[in-house]
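Peer 1: turn this into a structure:
(2 chains)
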Amino acid sequence: MSKWRNSFVFAFGLAIALLVGWVVFPRVLYSHKHQPLDFLHKTHAEKSGVADCAECHTIREDGTFAGLPAVEKCAGCHSERVGESKAEAILVDSYIKPGHDTPWLVYARQPANVWFSHAIHVKRANLSCTECHSTYGESDRVRVYEVNRISGYSRDIWGHSMSRLRSAPHEGMKMSDCENCHKQRNVEVGCLGCHQ
Amino acid sequence: MSARYGMVIDVDRCTGCGSCMMACAAENNVPALPQATARTGLTPLLVRKVSDGNHDESRREAFIPIMCMHCEHDTPCVKVCPQQAVEVDEATGIVMQMPQRCLGCRYCMTACPYHARYFNWWDPAWPPGMQKSLNPGVAVRMRGVVEKCNLCHARLHSAKEKAAGAGKREIDPADYVPACVEACPTNAIHFGDLANANDPVAKEAHSAQAFRLLARLGTEPKLYYKSNEAWVRALAEPNSPQASEVQRG
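Peer 2: Alright, predicted model coming up:
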């Protein structure tokens, strides 16, 4: 029996280590934050007839991205409560009436050393929003915002698969994801092409 | 088309006022640290005072702004970096330092013949409120990494973005002007594309008055200087008797 004991201990230890590394650590690594209110993209697309991302997420004439919609944009339709939901009450009472911008947590925010130009990707390369932002615009639930406790980056940068073995282009926003797409399209830029 | 950005600095026009240093620091979010000295501070652009070595009434002095020379050939910092944190950009010829990749070994500072690289001895800090005026196009560097002049890369980014917005592939040269060039009150710093034979700066770089510092090392720096004074041009080589008089300005 003692002949197998060491192997058993090793296998048990290995299993524990893998479990900690692949399951426990990713859970501990990210802290969870909630958006200020339950905003549903799907409801806006289906019930309110907002057909295009750009109706709220403005891309200016020169291709630059105007940032998250200001509260005035929401006030265009929600100057008074439009429904009975809790989110509606929070939006109108806490943000629209006092005129405060909603403190959205931005899933796609890149680290400070990244220089990204929407103008180049949208106007020159003609990429659609979903190439990088996936189909989040059709989602019917608001996601939990996960933030890396060490780096402070959003989980969307790494993507949701820890192993990243079969990540589609829109499933992560790491440097390697940018590079893969650039390689496919034969767009070579040096380090400072995308860094600042 | 690939550009080779470079400068010609007219030493005869430089009054040593330091506007370029201030503009450089403001553009590139260089921290203002009270504990920093001339040896430990960050001066990606440094105006040095030089003289002809005479100590009588015939003494002549001049000011020479020193920054990264963007060496084209056998770039010393690129060759020694163990992290590949520096590279010569194929499209622009700019020697690009990536502080985020730097491990702080400072080989590049030793290798650089021009002492144009600086080490962040402290975390960046600014007087209260000044953070709000930082340039959003330039990431601040952390303690423990080396930095240097990247030829105001944030301005190249803006120019590229503007060109893309207008549906053009090439940037308008008027949109990409480094901060020091813009700030110089005597118009002593000229910036342009050395690979473009029609560029006035390329022509100026090949004039008889133009010279490069330590050109004999063969690193093909893309920063040229220009002076009508023979003693200033003689400073380009370090073993000349005049050069022993070089001192910090």
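Peer 1: okay, CA-based contacts and neighbour counts for the rest of this
Peer 2: Will do.
Peer 1: how far away is the spatially most central residue of chain B from chain A?
Peer 2: The centroid of chain B falls nearest to B:Met67 when counting by C-alpha atoms, centre = their mean (2.9 Å). Distance from B:Met67 to chain A, counting by C-alpha to the nearest C-alpha, to the nearest Å: 18 Å.
Peer 1: surely that residue is in contact with B:Cys24?
Peer 2: No - B:Met67 lies out of contact with B:Cys24 (C-alpha atoms under 8 Å); the separation is 10.4 Å.
Peer 1: so what sits against both of those two?
Peer 2: B:Pro44, B:Leu45 (C-alpha atoms under 8 Å, 6 or more residues apart in numbering or on different chains).
Peer 1: ok so, going back, the residue nearest to the centre of chain B and B:Gly53, how far apart?
Peer 2: Distance, B:Met67 to B:Gly53, by C-alpha to C-alpha, to the nearest Å: 23 Å.
Peer 1: for the chain, give me the ranges with low pLDDT.
Peer 2: Looking at chain A here, since you left the chain open. A:1, A:166-167, A:169 (pLDDT under 70).
Peer 1: look at chain B instead
Peer 2: For chain B (pLDDT under 70), the answer is B:1, B:238-249.
Peer 1: for chain B, what are the nearby residues on chain A?
Peer 2: A:61-64, A:112-113, A:115, A:117, A:119-120, A:123-124, A:190-193, A:195-196 (C-alpha under 8 Å from any C-alpha of the partner chain).
Peer 1: what segments of the chain are strands?
Peer 2: Chain wasn't specified; assuming chain A. Secondary structure of chain A by DSSP state E: the strands cover A:30-33, A:145-148.
Peer 1: hm, I was asking about chain B
Peer 2: Under DSSP E, chain B gives strands at B:5-10, B:46-51, B:61-66, B:86-88, B:95-97, B:118-119, B:146-147, B:189-193, B:210-211, B:223-226.
Peer 1: mind checking how far the second one is from the chain centre?
Peer 2: Spelled out, that is strand B:46-51. 14 Å (C-alpha atoms, centre = their mean, to the nearest Å).
Peer 1: again with the last one
Peer 2: Mean-position distance between strand B:223-226 and its chain equals 11 Å (C-alpha atoms, centre = their mean).
Peer 1: adjacent strands (with direction) for it?
Peer 2: strand B:5-10 (parallel), strand B:210-211 (antiparallel) (DSSP bridges).
Peer 1: most tightly surrounded among those?
Peer 2: strand B:5-10 (a mean of 24; mean count of other C-alpha atoms under 10 Å in any protein chain shown).
Peer 1: so that one versus strand B:189-193, what angle?
Peer 2: 150 degrees (axes from the mean of the first three to the mean of the last three C-alpha atoms, to 10 degrees).
Peer 1: ok, and what's touching strand B:5-10?
Peer 2: Contacts of strand B:5-10 (C-alpha under 8 Å, 6+ apart): B:65, B:70, B:92-94, B:188-195, B:201, B:204-205, B:210, B:222-227.
Peer 1: so who does B:Arg106 touch?
Peer 2: B:Arg106 neighbours (C-alpha under 8 Å, 6+ apart): B:Phe119, B:Val146.
Peer 1: please name the residues that touch the single nearest residue of chain B relative to chain A.
Peer 2: Closest approach between chain B and chain A, counting by C-alpha to the nearest C-alpha: B:Gly165, at 4.2 Å. Shown in contact with B:Gly165 (C-alpha under 8 Å, 6+ apart): A:Glu61, A:Asp62, A:Gly63, A:Thr64, A:Ala119, A:Ile120, A:Lys123, A:Arg124.
Peer 1: so how far is B:Gly144 from it?
Peer 2: Counting by C-alpha to C-alpha, the gap from B:Gly165 to B:Gly144 is 37 Å.
Peer 1: how about A:Glu61?
Peer 2: A:Glu61 is 41 Å from B:Gly144, by C-alpha to C-alpha.
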